[in-house]
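1. Sequence and predicted model, in that order:
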Amino acid sequence: MARQLNLYRYVCISGTQFEEWSEEIPISCPNGNAVSSGTLAIIDSVSDQDVSATIVEESIATGGHFQGESVTVNISGTDWAEVDHSWPIPISIVAAHFTTDDTHQGDIIQAHAAPNTTIGAATAVISGGQSTFSVQQSVVDNISLGFLVTLVDSNDGATEELGRVIDIDKENLTITTEDVTSQALAISPAPTYVQMTIAYINHMEIGPPRADVVGEGNLKASYFPANTILRFRYKRVDGTADKLVVRLEYFY
C-alpha cells in the first residue's frame, strides 16, 4: 500500500502557526500546545509513488517498444542553462548520446532526475558546519547513498546544497552528507525541508571532440516512472552562445 506524507499547516491555541510534514494528523504543536480546532489544513503531499523516481536498473517491465528522441540545451553565456524533460508514461532509458566539437571542450554537463523532490523534513535544529542531520522516517525510507541533498529553511528561504549522501542510519533516523552547512537552519515555526536529487550525470567535463555515450555499458536500462523530470544542465566556460544536443534511446 502506498504511503502518503502530508504537509500540514495549523495554528496552536497559543496563536503560533506551524507547518509539519507527517504521515499522521498532528494533534499537538512542537511547543507542546494543542492544535486549535478548525485550523488544520493539508497544503502539500507526496507519496511513495512521487518519490520513487530512483534511477534503477529496470525491474518494472515496460511495453518493450523502442524509441529515440533528442533534447537540445541552448546557452547564451557562462551561467547554467537548464532544460526539463519528462514523459507521460514509464520509460527505461538505454543510453544518452551527444557529439561534441572544439567549441564544447571544457564545458560542464549534468543530468539530474527528480530534481529537488521534497521527501520530508529535519527533526532537530541544524548548526553551521554540520553534516549529519536528524530527519523524518520518510527521508531515510526514500533516499539512497549518492543522492544529492538540499536543505531548505522555509522560515527565511535559506538553502544549503550539501552534495551526496554518504551515510544513512535507518535506526537513528539520520543522514550524512559529503559537505557541511554554512549556516544554521531552523525547524520552527516552519520546517526545514529535505530535498533529494538523483544524479544521472553529476559533473562531467567535455573533453576533446568525440561521440560520447552514457549508460550503454549497463546490463539493464534505467527506469523512470511517468512524469519524472529529467533535467539537463549545461555550463559554458568561455561565455559564448552554443548548444548541446542529447540523443536519448529508451523503451516504453
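-> That came in fine, so what should we check first? Residues are numbered from 1 along each chain as shown.
2. Okay, now the unreliable bits of the protein?
-> Residues of the chain meeting the criterion pLDDT under 70: 1-4, 46-61, 216-221.
3. now the helices for it?
-> 137-142 (DSSP state H).
4. now the strands: where do they sit in the stretch 51-200 of the chain?
-> 56-57, 66-75, 81-85, 91-99, 108-121, 132-134, 148-153, 159-169, 174-177, 192-205 (DSSP state E, counting those that start in this stretch).
5. Compare these and give me the one nearest residue 229.
-> Ranking these by proximity to residue 229 (C-beta to C-beta) places strand 81-85 first, at 5.0 Å. Every residue, glycine included, has its C-beta placed from N, CA and C.
6. burial count for the nearest residue to residue 211 once chain neighbours are set aside?
-> Leaving aside its sequence neighbours, residue 211 sits nearest to residue 99 (C-beta to C-beta, 6 or more residues apart in numbering; 4.7 Å). By the measure other C-beta atoms under 10 Å, the count of residues near residue 99 is 13.
7. what's near enough to touch residue 99?
-> The neighbours of residue 99, taking C-beta atoms under 8 Å, 6 or more residues apart in numbering as the test, are 210-212, 245.
8. returning to what we had before: as CSV, the strands of the stretch 51-200 of the chain with distance to residue 20 would be great.
-> Formatted as CSV, these follow (distance: least, C-beta to C-beta, whole Å):
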stretch, distance to residue 20
strand 56-57, 30
strand 66-75, 38
strand 81-85, 29
strand 91-99, 35
strand 108-121, 7
strand 132-134, 15
strand 148-153, 14
strand 159-169, 20
strand 174-177, 19
strand 192-205, 11
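9. Determine which of those approaches residue 33 most closely.
-> strand 108-121 (19.4 Å).
10. Spatially nearest residue to the residue nearest in space to the middle of the chain (excluding sequence neighbours)?
-> Nearest residue to the geometric centre of the chain (C-alpha atoms, centre = their mean): residue 197, 2.3 Å. In this structure, residue 197 finds its nearest non-sequential neighbour in residue 148, 4.1 Å apart by C-beta to C-beta, 6+ apart.
11. Count the residues that sit near residue 169.
-> 13.
12. actually residue 133, not the one I wrote
-> By the criterion of other C-beta under 10 Å, residue 133 has 22 neighbours.
13. for the one 5 residues further on, same thing?
-> As a burial measure, residue 138 scores 23 neighbours (other C-beta under 10 Å).
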